[in-house]
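Colleague: sequence unavailable; structure follows:
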């Protein structure tokens, strides 16, 4: 599994995503990281391989990283992109250039979704097998609605988006909705309010990518990842309570 994540101040997202992929059973995980952050991540992550890439002055991924990222992806089983990559304009440009060149199963999350939200027609040009994992705010940006509007009609919105764009969609939140490209829906019942803390979504992205790396189908990986993620949160809450539950507990 290849994780493309992190920028200055957001290295935790990269670490959590990478560990999520490992803990769900991926055999090898490589983290692509802006070059000045590589040494830090080599200390922080023992079992994850790291690979530095060209960066902007803001210490986020630079468009100059495009050829090397494409080359690295070609050798992987699955990809996760977005956690903590920042909303630096040059990095968002890189994400929009990279996504159409990804042919491996891929999970798009967080700032990768924010980059796509600035050019939603781009989704029609993404031919690789992809899972999008927005929270209600990110979903709203993709379809030009408020998070409140998304929350009022979660299942219909997830189903229509997945079918229109031919992408598996994971609409996160209480009773996370997973929609397949044919409109089939799964509504998850694991998880608890203690999981509404920073980084829990990054763990989920890594878990789904880790399952893709074990060659589950997109819809199966999304459903199982969401279920296990919530179950891990319930087990963690059972040990220490919901208040104070943090992403690394998962």
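Modeller: In hand now; what should we look at? Just so we're clear, the structure is a prediction, and the values are computed from it rather than from any experiment.
Colleague: helices of this structure, start to end?
Modeller: 11-23, 38-44, 66-73, 89-98, 111-117, 136-143, 147-152, 154-165, 200-212, 218-240 (DSSP state H).
Colleague: for the longest one, enumerate the helices and strands it packs against.
Modeller: Spelled out, that is helix 218-240. strand 130-132, strand 168-171, strand 177-179, strand 185-187, helix 200-212 (3 or more Cβ pairs under 8 Å, 6 or more residues apart in numbering; DSSP states H and E). To be clear about C-beta, it is placed using only N, CA and C from the backbone, and glycine gets the same treatment.
Colleague: adjacent strands (with direction) for the fourth one?
Modeller: Think strand 185-187. strand 177-179 (antiparallel) (DSSP bridges).
Colleague: contacts for the strand it pairs with, please.
Modeller: 154-155, 158-159, 161-163, 168-171, 185-188, 219, 222-223, 226 (Cβ atoms under 8 Å, 6 or more residues apart in numbering).
Colleague: whichever of those end up buried, select them in ChimeraX.
Modeller: Entered in ChimeraX, the line below selects the buried ones among those, by 16 or more other Cβ atoms under 10 Å:
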select :154,158,159,161,162,163,168,169,170,171,186,188,219,222,223,226
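Colleague: re earlier: for residue 129, find the nearest of the helices of the chain.
Modeller: helix 218-240 (5.5 Å; Cβ to Cβ).
Colleague: in that closest one, what's buried?
Modeller: So helix 218-240, judged by 16+ other Cβ under 10 Å, has buried residues 218-230, 232-233, 236-237.
Colleague: for the record, mean pLDDT for it?
Modeller: On average, the pLDDT along helix 218-240 is 98.
Colleague: that helix to helix 200-212, inter-axis angle?
Modeller: Counting by axes from the mean of the first three to the mean of the last three Cα atoms, to 10 degrees, helix 218-240 lies at 130 degrees to helix 200-212.
Colleague: now render the helices of the chain as CSV, adding distance to residue 193.
Modeller: Converted to CSV, the helices of the chain look like this (distance: least, Cβ to Cβ, whole Å):
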stretch, distance to residue 193
helix 11-23, 19
helix 38-44, 28
helix 66-73, 36
helix 89-98, 31
helix 111-117, 23
helix 136-143, 15
helix 147-152, 15
helix 154-165, 17
helix 200-212, 11
helix 218-240, 9
